[in-house]
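Asker: Dropping a prediction and its sequence here:
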Amino acid sequence: MIILASDSPRRRELLATLVGEFHVEPSRVDEHVRYKAPWRMVEAIAEKKCDAVAGRHSEDVVIGADTVVVFGGKVLGKPKDAAHAVEMLRALAGKKHTVYTGVCVNDRGVKTVWHEVSHVYMQKMSDEFIARYVAGGSPLDKAGAYGVQDEGTVERYDGEYANIMGLPLVRLAELLRER
């Protein structure tokens, strides 16, 4: 059985494109880690999430993931509230930032941990657009306060689209095919 250690609807949607059947069991771990490098941070959190669930499912394949946005040398996770989302979007509007997603796959005790990097160029967004977008609720559960799939947010990107959504699929598909 494959288990996704996340309650992210986007990760569920992405994983469903690779495998027909899987279970969801959110890890509910403390996501604080001592690492400052974004790539190491997302790998460590993905591994914590995966380990928490894999400890209860030693005969299964468990997938954990974590995503952050890095802009101006600062790591942006999910916004604390609507005002914080507005602040993030105003800062990102019309500019480039980097998205890191860490993934950990525990295949019956054999762990593989990696990260993917994508560069995102945001559209210019008016204060009115940002207010409507935040009021709609979509940004509140996403790193950087936006969804690449949401109209009016992203101008273009370099890298894997699924990585920006929160679960890079190219390497994950290879790993799942090998099992």
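Answerer: Everything's here; your move.
Asker: you'd agree residue 130 is up against residue 88?
Answerer: No: when contacts are counted by CB atoms under 8 Å, residue 130 is not listed as touching residue 88 (9.5 Å). Glycine gets a C-beta too; all of them are placed from N, C-alpha and C.
Asker: Find residues that contact each of these two.
Answerer: Residues within reach of residue 130 and of residue 88 at once, by CB atoms under 8 Å, 6 or more residues apart in numbering: there are none.
Asker: Find the nearest non-adjacent residue to residue 30, please.
Answerer: When the adjacent residues along the chain are set aside, residue 30 lies closest to residue 48, with 7.8 Å between them (CB to CB, 6 or more residues apart in numbering).
Asker: I misspoke; the intended subject was residue 160.
Answerer: Here the residue nearest residue 160, using CB to CB, 6+ apart, is residue 168, at 5.2 Å.
Asker: Buried residues of the helix or strand containing residue 117, list them for me.
Answerer: Using DSSP states H and E, residue 117 sits in strand 110-122. Residues of strand 110-122 classed as buried by neighbour count (16 or more other CB atoms under 10 Å): 113-118, 120, 122.
Asker: Can you add distance to residue 20 and pLDDT and give those residues back as a markdown table?
Answerer: Shown next, in a markdown table, are these (distance: CB to CB, whole Å; pLDDT from 0 to 100):
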| residue | distance to residue 20 | pLDDT |
| --- | --- | --- |
| 113 | 25 | 98 |
| 114 | 24 | 98 |
| 115 | 27 | 98 |
| 116 | 24 | 98 |
| 117 | 29 | 98 |
| 118 | 27 | 98 |
| 120 | 30 | 98 |
| 122 | 35 | 98 |
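Asker: any idea how far the closest residue to residue 17 other than its chain neighbours lies from residue 35?
Answerer: Spatial nearest neighbour of residue 17, excluding adjacent residues (CB to CB, 6+ apart): residue 169 at 6.9 Å. Separation of residue 169 from residue 35 (CB to CB, to the nearest Å): 25 Å.
Asker: How about residue 168?
Answerer: Applying CB to CB, the value for residue 168 to residue 35 is 19 Å.
Asker: Kindly report the same for residue 157.
Answerer: With the distance defined as CB to CB, residue 157 ends up 25 Å from residue 35.
Asker: more crowded one of those two?
Answerer: Ranked by neighbour count (other CB atoms under 10 Å), residue 157 and residue 35 place residue 157 first, with 17 against 12.
Asker: you'd agree the residue nearest to residue 17 is up against residue 177?
Answerer: No: distance between residue 169 and residue 177: 11.7 Å, which falls outside the contact criterion (CB under 8 Å).
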